[in-house]
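Asks: Fold the following, please.
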Amino acid sequence: MLRFLVNPLEDMKDSHMKNHRARFACRNEVAIDVGTAFIRLATTKFGVVVIPTMLMSEPPLQHGVVANPQKLTEIVRPYLNRVRKLGLLRPRVIVGSPTDAAEEERETLMAALFAADAASVEIVSEPFAAAIGIGMDFSSPYTQLIVDVGDA
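Replies: Below is the predicted model of the structure:
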């Protein structure tokens, strides 16, 4: 069950949940879109931060996969440190990965984010992350289409 950037008090709207306490997350959560041209970080605390990477001498990604994990770690670490809860608890991270990425490419991405002080890393496919981001109704019986135009 994916519960990311959701208000825990929403569960209390149901009448059978009014007598139960809301479950509050112990750690802050960060959504990351690591693209060839931009890195986007989204948090409830700071909103969305966009970092252009296309003009860097050593871009962290090339052709949609991590080419320089140390550079990715250097870019993301300051933002993850700002999101720490009470200055101590490292944030949980959810990151999108291309659907055709190899297992070793996903492991490299995960290792770079752990090196950037993420408490946990959850990798989801980019189309699924995009569907969550636009609030797509997964229970709808109608066909829905998402188009990714890349770094246009």
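Asks: Give the phi and psi angles for A115, as a check.
Replies: The phi/psi pair for A115 (degrees, to the nearest 10) reads phi -70, psi -20.
Asks: Could you do the one 10 residues further on as well?
Replies: The main-chain torsion angles of S125 are listed as degrees, to the nearest 10 and equal phi -70, psi 150.
Asks: Okay, and the spatially most central residue of the chain sits in which element?
Replies: Central residue of the chain (C-alpha atoms, centre = their mean): A31, 2.3 Å from the mean position. When elements are assigned from DSSP states H and E, A31 belongs to strand 29-34.
Asks: Show me where the chain dips below the pLDDT cut-off.
Replies: 1-25, 150-152 (pLDDT under 70).
Asks: can you give me the strands in it?
Replies: Assigned by DSSP state E, the chain shows strands spanning 29-34, 38-43, 47-52, 61-62, 65-66, 92-97, 120-125.
Asks: winner for burial among those?
Replies: Neighbour counts (mean count of other C-beta atoms under 10 Å) averaged over each of the strands of the chain peak at strand 29-34, with a mean of 23. In this view, the C-beta of every residue, glycine as well, is placed from N, C-alpha and C.
Asks: Now R90. Nearest residue, chain neighbours left out?
Replies: A119 (3.9 Å; C-beta to C-beta, 6 or more residues apart in numbering).
Asks: quick one, what contacts that neighbour?
Replies: A119 makes contact with R27, L89, R90, P91, R92, V93 under the criterion C-beta atoms under 8 Å, 6 or more residues apart in numbering.
Asks: can you check K85 too?
Replies: C26, R27, N28, P91.
Asks: let's go with 10 Å and repeat that
Replies: Counting by C-beta atoms under 10 Å, 6 or more residues apart in numbering, K85 touches A25, C26, R27, N28, K45, P91, A119.
Asks: Among those, the buried ones, what's the ChimeraX command?
Replies: This is how ChimeraX selects the buried members of the contacts of K85, with burial counted by 16 or more other C-beta atoms under 10 Å:
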select :25,27,28,91,119
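Asks: May I see the contacts of K85 organised as CSV, with distance to Y79 added?
Replies: Formatted as CSV, these follow (distance: C-beta to C-beta, whole Å):
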residue, distance to Y79
A25, 18
C26, 20
R27, 15
N28, 11
K45, 10
P91, 9
A119, 14
